[in-house]
Structure formats: structure tokens, C-alpha cells
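Q: here is the input, now give the coordinates:
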Amino acid sequence: MYKLLSAKPSPYARKVRIQLAEKGIPFELVTEVPWNAETQTPRWNPLEKLPVLITPEGHGVFESRYIGEWIELRHPEPPLMPRDVEGLLAAKRFEVIVDGACDALILSLFERQRAEDKQSQPWLDRQMRKVFGALRELSRTLGEREFCVGNSFTMADVATGTLLGYMKVRWPHIDWQSLHPNLAAYSDRIEQRPSFAATRPEPQIIRDRVV
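A: The predicted structure is shown next:
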């Protein structure tokens, strides 16, 4: 059986949990805070980041997008990526946009943990421009469709849905819903999917200092 090292609020880890659930792949969930001193994350990932998928043979597979591709190649059914080239490229484009927005949100989260007089407002502004730019592009590209790419659920939906869910938990003061009502409707709809309902993010306390 696989083992997944995961952080509760992490959109990156949630993507993997949803993908495994959608494919019906059993796994043991191990919750970690990778910033705390006792974390076992460095044992499995030299980059010391979650999530990490540990194989039955004892190998660590890391970086969420690579894990997703690894799972898709090892467990191709049911497919969660389009089989045609144009569809595949479109889905990967969604993933790139979402990962960039998540990276910017994480950087902003840690910058805000500095003492207030040490925070860089230009840095925070730059990161949030990336987030709002990503949301605008996701909204424009998605339109009023049920799914991000074509007529079926793919990893593009996994990525987009987890970003929006993460913002609801960690960034509730950002009113992206009124700016992009189609994304709000999409998020409400996709969160009803069993794989999403079973993996809703929860805040975690980072005990040790990060900055």
C-alpha cells in the first residue's frame, strides 16, 4: 500500500489525495508539518517539501505535479488526463497557472509571519498580483463550462478546485467570489464531489519558526 505524507491545508497534498481517491487507489495518510523539527519529510524528499508519496518498495516520489504524472502513468485507469494532445496541453496549462498561484500564496503567507516592520509590502503586492492574475485567467478560460477541459473531470479540475478551496481556508478575506462568480459556482459544485468532500483542507499550527 502507498503511504502519503501530507499537510492538512496544503493544496499540493490535496491534489494527490483527490487523484488517489478518484482512481480508487488505497493509501495510508500520514499528516506532517514539514516545518516542525521532528518531521520525517527530509528522509523522503531532499527538497524537504510535502507531499511525498511513499511506494510499497520504500521509494519517495515528490513534487505534487510529478507525483500526479507518476500516478497517471502507473495507474492509467480511469484516466484523469486527456488522451489527445490539445486536451493534454490545455490541462497542463491549468496546472501551471494553479501551481504558480499556490506558490505565490505560500510565499505571501510566510512573508506575513515576519515582524510587521520587517515585511516587504512590494514583495507582498507582487505575489498577490500573480494570484489575481491567475484567478482572472482561470475565470476567462473556464467560462461557464462544467469542467476545465472538455466534457470530463481531469487533473485540471483537481488543480483548480484545490486552489479555490485553499483560498477559502487560508485567505478568506480575499473576495474572489464576487470578482469571478463563475469560479465561485465552479468551486461550490466541485466541492460536492466525494473526493473533494473527503479532503477539505484544515488549518495546521506551525510550531517552529519559519522566518
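Q: contacts, neighbours, all on C-alpha from now
A: Fine.
Q: can you tell me which helices and strands the lowest-mean-pLDDT helix or strand in the chain packs against?
A: Every helix and strand of the chain was ranked by mean pLDDT, DSSP states H and E. The lowest is helix 41-44, at a mean of 87. Secondary-structure packing of helix 41-44 (3 or more Cα pairs under 8 Å, 6 or more residues apart in numbering; DSSP states H and E): strand 52-54.
Q: which stretches of the protein have low pLDDT?
A: 203-211 (pLDDT under 70).
Q: domain parsing of it, as residue ranges.
A: Following automatic domain parsing, the chain resolves into domains at 2-74, 85-194.
Q: the first one: how far from the chain's middle?
A: Same thing as domain 2-74. 12 Å (Cα atoms, centre = their mean, to the nearest Å).
Q: list the buried residues of stretch 37-54.
A: For stretch 37-54, a neighbour-count test (16 or more other Cα atoms under 10 Å) marks 41, 44-45, 48-54 as buried.
Q: swap in stretch 195-205?
A: By neighbour count on 16+ other Cα under 10 Å, the buried set for stretch 195-205 is 195-196, 199-201.
Q: got the CA positions of that stretch in PDB?
A: Taking C-alpha atoms only, stretch 195-205 is exported to PDB below (Å, rounded to 0.1, in the frame of the first residue of the first chain):
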ATOM      1  CA  SER A 195     -13.100  13.000  -3.400                       C
ATOM      2  CA  PHE A 196     -13.200  16.800  -2.600                       C
ATOM      3  CA  ALA A 197     -15.700  16.500   0.200                       C
ATOM      4  CA  ALA A 198     -13.400  13.900   1.900                       C
ATOM      5  CA  THR A 199     -10.300  16.100   1.700                       C
ATOM      6  CA  ARG A 200     -11.400  19.500   2.700                       C
ATOM      7  CA  PRO A 201      -8.400  21.500   3.900                       C
ATOM      8  CA  GLU A 202      -7.900  22.300   7.600                       C
ATOM      9  CA  PRO A 203      -5.500  24.800   9.200                       C
ATOM     10  CA  GLN A 204      -2.500  23.500  10.900                       C
ATOM     11  CA  ILE A 205      -0.300  25.100  13.600                       C
END
